[in-house]
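What follows is a predicted structure for the sequence shown.
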Amino acid sequence: MSSVRVLVATAVPVERDAVARAFAGDGPFAADVIAAGVGPALAAASTATALTTAALHGTPYHLVVSAGIAGGFQPEAPVGSLVIADEITAADLGAETPDGFVPVTELGFGTVTHRPPETLVRDLAAATGARPGAVLTVSTVTGTAERAAALRARHPRALAEAMEGFGVAEAAAAHGLPVLEIRAVSNPVGPRDRTAWRIGDALTALTEAFGKLAPVLESWNQHDQ
Ligand SMILES: O=C(O)c1cccc(C(=O)CC[C@H]2O[C@@H](n3cnc4c(=O)[nH]cnc43)[C@H](O)[C@@H]2O)c1
């Protein structure tokens, strides 16, 4: 393979622009960055459309990345820090029962977790300083300490929650492609407090992280493909 082609799916245009800033100028790999929309369903639809279009044009992607800001579980993922998913899990895809939440997999359907390539996650974590761990995908932003505690009780390895990773991962899986999720923490997961958001700091951290991706992806391209 001559050059690795990467599709980065963010939710909104400010995230897309933060990632694209890191790719300004000639780089050793081709990356397209799209604002795929907020939430897992729109993210999945937009990502799948982009992947199919590229494949039909004879320029398929080799890797898909979900990226953007996220809520960080405290104290493991402080505001401004970076997280890379070693597990992308849909945390609210299931059924509420008298005995608690049951994931769809236990109801006999589908999947709730996608796992990014282990060595790539390890090498990107080392290159960017991102902490590896589970990143949850939710359709409703957590707004209470009780909900944050319940999520952590069900997912003790969770470092962050966001709203698109699982949708992007489902689209990648439908195309047989590996997926990553890289998030910069803009707010703590927990009680709603808009004064605690640090979106600018998180976007800066996102640009810095993507600026460090190239050598790792090149080496992955040569050795793991
Ligand atoms: O209104 C609120 O209280 C509130 C709190 C945090 C985030 C939001 C959003 O609408 C942003 C959704 C957008 O950003 C990602 N994101 C950022 N922080 C979180 C979070 O704590 N939980 C889930 N998603 C978050 C998400 O991926 C969306 O793209 C509103």
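In hand now; what should we look at?

from here on, contacts and neighbour counts on C-alpha atoms
Noted.

any idea what sits nearest the residue nearest in space to the middle of the chain, other than its immediate chain neighbours?
Here the mean C-alpha position of the chain is nearest to the C-alpha of E181 (C-alpha atoms, centre = their mean), at a distance of 2.6 Å. Distances taken as C-alpha to C-alpha, 6 or more residues apart in numbering place S66 nearest to E181, at 4.6 Å, with adjacent residues excluded.

how much distance is there from the longest helix anywhere in the chain to the middle of the chain?
Across the chain, the longest stretch assigned as helix under DSSP state H is helix 40-56. The chain centre lies 15 Å from the centre of helix 40-56; the measure is C-alpha atoms, centre = their mean, to the nearest Å.

Briefly note if it comes near the ligand.
No. Helix 40-56 stays clear of the ligand (C-alpha under 6 Å from any ligand atom), getting no nearer than 8.8 Å.

which helices and strands does that helix pack with?
strand 5-10, helix 165-174 (3 or more C-alpha pairs under 8 Å, 6 or more residues apart in numbering; DSSP states H and E).

Could you export the helix or strand that it is followed by as CSV, keeping only the C-alpha atoms?
Per DSSP states H and E, helix 40-56 leads on to strand 63-72 as the next helix or strand towards the C-terminus. What follows is strand 63-72 as a C-alpha-only set of coordinates in CSV (Å, rounded to 0.1, in the frame of the first residue of the first chain):
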residue,chain,number,x,y,z
LEU,A,63,-8.7,3.8,8.6
VAL,A,64,-11.6,5.7,10.2
VAL,A,65,-11.2,8.0,13.2
SER,A,66,-14.0,9.5,15.4
ALA,A,67,-12.7,12.7,16.9
GLY,A,68,-13.9,15.7,18.9
ILE,A,69,-14.5,17.0,22.4
ALA,A,70,-15.9,14.8,25.2
GLY,A,71,-16.9,14.7,28.8
GLY,A,72,-14.2,13.2,31.0
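
Residues contacting strand 63-72, please?
4-11, 15-16, 78-79, 159-162, 164-165, 168-169, 172, 177-189, 199, 202-203, 206 (C-alpha atoms under 8 Å, 6 or more residues apart in numbering).

Same question for stretch 186-193.
In contact with stretch 186-193 (C-alpha under 8 Å, 6+ apart) are residues 69-74, 78-80, 142-148, 160-161, 196-199, 201-202.

Produce a ChimeraX select command limited to the buried residues of the residues you listed.
Buried residues within the contacts of stretch 186-193, by 16 or more other C-alpha atoms under 10 Å, are selected in ChimeraX with:
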select :69,70,71,72,73,78,79,80,142,148,160,161,197,198,199,201,202
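
Just the ones of the contacts of stretch 186-193 in strands?
Here DSSP state E is the test, and these give 69-72, 160-161 as lying in strands.

Kindly reformat these as JSON lines containing pLDDT and distance to T128.
JSON lines is the format used below for the ones in strands among the contacts of stretch 186-193 (pLDDT from 0 to 100; distance: C-alpha to C-alpha, whole Å):
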{"residue": "I69", "pLDDT": "98", "distance to T128": "16"}
{"residue": "A70", "pLDDT": "98", "distance to T128": "17"}
{"residue": "G71", "pLDDT": "98", "distance to T128": "19"}
{"residue": "G72", "pLDDT": "98", "distance to T128": "17"}
{"residue": "A160", "pLDDT": "98", "distance to T128": "17"}
{"residue": "E161", "pLDDT": "98", "distance to T128": "19"}
